[in-house]
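S.K.: just need the structure, nothing else, for what follows:
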Amino acid sequence: MSVTLRQMRAVVAVARSGSLGRAAALLHLSQPALTVQLREAEATLGLRLFDRGARGAEPTAAG
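M.R.: Numbering: from 1, shown residues only. The predicted model follows:
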């Protein structure tokens, strides 16, 4: 299975905005729906792409 365009858009939006909430708003998604996209992308790649915390989302070295 490969990463979908929707998942890649989610990854890019989170990386650019630094926040799941802002990225979800930019993509017109709910935050839980965006989280699902990120988890699916991470599962497909076998990598953790973001460190998520109270202050937002920071890309990992792999991300």
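S.K.: what's the neighbour count on Gly56?
M.R.: Neighbourhood size, Gly56 [other Cβ atoms under 10 Å]: 16. In short, each C-beta sits where N, CA and C put it, glycine included.
S.K.: list the contacts of it.
M.R.: For Gly56, the contacting residues are Gly18, Ser19, Leu20, by Cβ atoms under 8 Å, 6 or more residues apart in numbering.
S.K.: now do Asp51
M.R.: Ala57, Glu58, Pro59, Thr60.
S.K.: let me know the pLDDT of the second one.
M.R.: Here the pLDDT value assigned to Glu58 is 82.
S.K.: what are the phi and psi angles of it?
M.R.: phi -110, psi 130 (degrees, to the nearest 10).
S.K.: tell me the spacing between it and Leu20.
M.R.: Using Cβ to Cβ, to the nearest Å, Glu58 is found at 12 Å from Leu20.
S.K.: likewise the third one?
M.R.: Applying Cβ to Cβ, one obtains 13 Å for the distance of Pro59 from Leu20.
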